[in-house]
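**Q** The sequence isn't on hand, but the structure is:
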């Protein structure tokens, strides 16, 4: 068993999960916990790789599972289903997160979550509260994650605490979130090497509610046209998933990170729910949702309301 | 529905639960949340009443349940089973706690727990981190709760963070934990008006493990003799519970807060587990456990180990 305390985010990690692990390692070491070690539980995506390249930083080591009794710190998640294999037999020392909660621990631990847009906003506060210096690299990592989770502060998940942190992090890092953040998001939207099947599975979530089973997939893009010129291939991939998983419908949202809109493809027997949910016409299985960027806050709730 | 945000501890509240609600109200108001309101979900015990009398302070208002949609802050607990009625339909804004966790929230919230001896130690840190002044009354409430939960820093549940907080709280309050804390604990041990049946139910917990069903009850005392001169009546009350609940055994621990020992009465078909668990002879159903004061850390674990 590793004598290190392993720090990691959720499976299929995004920029917040990777960078929060690195930042938390720095924080723990500054508090004298030299055995803190950031790791990751999945591949680094292109958006995150852009940030690491900019800083000349290696990605944390990849792990597949943890050994029995391993001491760990979770960042950017708390639910066992999103966590590394064998987490049930590890000892969780700390959790720092910003998500909804479904957590059981039969022992005392440190747990800190807040209703903000990004884990790094919570970490930013912890540095402040403990008078730990935020250096230029740490500020860049924090800024990147907030830009990622809040789509450069334009998602409705953004809070005043996120904006306040960004203001100070811009100063320390010498970066503008509007420049660096958008470049980073664009780097993340490069799907040129992916098949349509791979694209819809970059971030696809399964929901089962009101006796309906459906998926909402989302991908960020700076170029809606390059996706929709291949609409027929995307529909084929989506219809295959509907067949395979016996879904009632499937919503695929391509979110335009420049203009803060989402264009969707909606298929399946109950695909009509989209017209009711968003009050927009669906034409050739597609619809444009103006000012919609957040699956959690803007796409899922109206769909759920119209399933009842 | 109350427009106040109601703040409360667990059912059957102890000194930490009552005082943490009062202190959290103060903290929230200092941060500008004027609608914060401490309440309680059960009777004030004699120990807590001693503290309130010392400060000339009223107990918070008693509530039986919360209305649908009521906004609340939980202190000193997190599990629904220990919480006020109808909590499932309330909106939990914050939790500040120091216990093991079993918590689900389908929305984001503020949650802060640490592996320390008392909720007030976490609140002490929150005041510090936010540069909120701890006045004399608040310091006295914090000191009282830490003295209560840690048996004046003598329980093995005590951590360095608790000791550090006490050092500063003694200065602000002008009180010595060894004087004020022991007087408070003694006030809490006054069971002169209680029947043996009431005494064993002051703090009795049911456990079901390894196919055995048992209770461990605990009461603090400054005078073991006054309890054990009535041993026959206590045995009668315990045996009635064993019959009624079909228990395999029952351990009643009278914890001497002056000398930091516990004298136990052990009854039931599997009462013999106590001799194995503690390596002490049981004579006339009783045994003296030297330096044992914590049910959670010193009584339950060796019993569980010897049930396997």
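**A** Alright, I've got the coordinates. Note that this is a predicted model, so its numbers are computed, not measured.
**Q** OK, contacts around residue A:205?
**A** Residues in contact with residue A:205 (Cβ atoms under 8 Å, 6 or more residues apart in numbering or on different chains) are A:215-217, A:295. To be clear about C-beta, it is placed using only N, CA and C from the backbone, and glycine gets the same treatment.
**Q** Closest residue of the stretch 151-300 of chain A to chain B?
**A** residue A:157 (9.0 Å; Cβ to the nearest Cβ).
**Q** pLDDT value on that residue, please?
**A** With respect to pLDDT, residue A:157 has a value of 95.
**Q** Wasn't residue A:185 part of a helix?
**A** Yes - under DSSP: H, G, I helix; E, B strand; the rest coil, residue A:185 sits within a helix.
**Q** Verify the contact between it and residue A:219 for me.
**A** No - counting by Cβ atoms under 8 Å, residue A:219 is not a contact partner of residue A:185; they are 11.7 Å apart.
**Q** Sheet partners, orientation included, of the lowest-mean-pLDDT helix or strand in chain A?
**A** The helix or strand of chain A with the poorest confidence is strand A:204-209; it has a mean of 86 (mean pLDDT, DSSP states H and E). Partners of strand A:204-209 in the sheet, by DSSP bridges, are strand A:212-221 (antiparallel).
**Q** Buried residues, stretch A:91-103. List them.
**A** Residues of stretch A:91-103 classed as buried: A:92-101, A:103 (neighbour count, 16 or more other Cβ atoms under 10 Å in any protein chain shown).
**Q** out of these, which are inside helices?
**A** Among the buried residues of stretch A:91-103, no member falls in helices (DSSP state H).
**Q** Nearest to residue B:291, out of the residues you listed: which one, please.
**A** residue A:93 (27.6 Å; Cβ to Cβ).
**Q** can you list the weak-confidence ranges in the stretch 1-150 of chain A?
**A** Scanning the stretch 1-150 of chain A with the threshold set as pLDDT under 70 gives A:1-2.
**Q** The residue of the stretch 151-300 of chain A closest to chain B falls within a helix, correct?
**A** No - Residue A:157 is assigned coil when assessed by three-state DSSP, not a helix.
**Q** secondary structure class for the nearest residue to residue A:10 once chain neighbours are set aside?
**A** Distances taken as Cβ to Cβ, 6 or more residues apart in numbering or on different chains place residue A:77 nearest to residue A:10, at 3.8 Å, with adjacent residues excluded. Three-state assignment for residue A:77 (three-state DSSP): coil.
**Q** The one 4 residues further on now?
**A** Three-state call for residue A:81 (three-state DSSP): helix.
**Q** Tell me who's in contact with it.
**A** Counting by Cβ under 8 Å, 6+ apart, residue A:81 touches no other residue.
**Q** 10 Å - rerun?
**A** Residue A:81 sits next to A:10-11, A:87, A:102 when contact means Cβ atoms under 10 Å, 6 or more residues apart in numbering or on different chains.
**Q** thinking again about what came up before, find residues that contact each of residue A:185 and residue A:219.
**A** residue A:255.
**Q** ok, which residues in the stretch 1-150 of chain A are in contact with chain B?
**A** A:78-79, A:92-95, A:97-117, A:122, A:125-126, A:128-131 (Cβ under 10 Å from any Cβ of the partner chain).
**Q** Which of the residues you listed fall within strands?
**A** Counting by DSSP state E, these place A:92-95, A:97, A:101-105, A:110-113 in strands.
**Q** Dump these to a markdown table, plus distance to residue A:55.
**A** Shown next, in a markdown table, are those (distance: Cβ to Cβ, whole Å):
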| residue | distance to residue A:55 |
| --- | --- |
| A:92 | 28 |
| A:93 | 27 |
| A:94 | 25 |
| A:95 | 26 |
| A:97 | 24 |
| A:101 | 32 |
| A:102 | 33 |
| A:103 | 32 |
| A:104 | 36 |
| A:105 | 34 |
| A:110 | 28 |
| A:111 | 29 |
| A:112 | 25 |
| A:113 | 27 |
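**Q** and which of those is nearest residue A:83?
**A** Once Cβ to Cβ is applied, the member of these that ends up nearest residue A:83 is residue A:92, at 9.1 Å.
**Q** any idea how far the closest one is from residue A:226?
**A** Residue A:92 is 42 Å from residue A:226, where distance means Cβ to Cβ, to the nearest Å.
**Q** How about residue A:293?
**A** For residue A:293, the distance to residue A:226 equals 19 Å [Cβ to Cβ].
**Q** Same question for residue A:80.
**A** Plainly put, residue A:80 is 38 Å away from residue A:226 if you go by Cβ to Cβ.
**Q** cool, and residue A:164?
**A** For residue A:164, the distance to residue A:226 - Cβ to Cβ - is 36 Å.
**Q** Over to residue A:110?
**A** Following Cβ to Cβ, the distance that separates residue A:110 from residue A:226 is 45 Å.
**Q** Looking only at neighbour counts, state which of those two leads.
**A** The residue with more neighbours, out of residue A:110 and residue A:226, is residue A:110; 16 against 13, by other Cβ atoms under 10 Å in any protein chain shown.
**Q** Just give the closest residue to that one, not the sequence neighbours.
**A** residue A:94 (4.2 Å).
**Q** what about the strands in the stretch 201-308 of chain A?
**A** Along the stretch 201-308 of chain A, the segments classed as strands by DSSP state E, counting those that start in this stretch run A:204-209, A:212-221, A:249-256, A:261-267, A:286-289.
**Q** can you tell which of those strands is closest to residue B:191?
**A** Comparison of the strands of the stretch 201-308 of chain A against residue B:191 by Cβ to Cβ identifies strand A:204-209 as nearest, at 52.7 Å.
**Q** Outline the domain layout of chain A.
**A** Domain assignment for chain A by automatic domain parsing gives A:5-186, A:196-305.
**Q** Could I get those domains in a markdown table, plus columns for distance to residue B:67?
**A** As requested, the domains of chain A are arranged in a markdown table below (distance: least, Cβ to Cβ, whole Å):
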| stretch | distance to residue B:67 |
| --- | --- |
| domain A:5-186 | 22 |
| domain A:196-305 | 23 |
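**Q** Go through those and pick out the most buried.
**A** Highest mean neighbour count of these: domain A:5-186, a mean of 20 (counted as mean count of other Cβ atoms under 10 Å in any protein chain shown).
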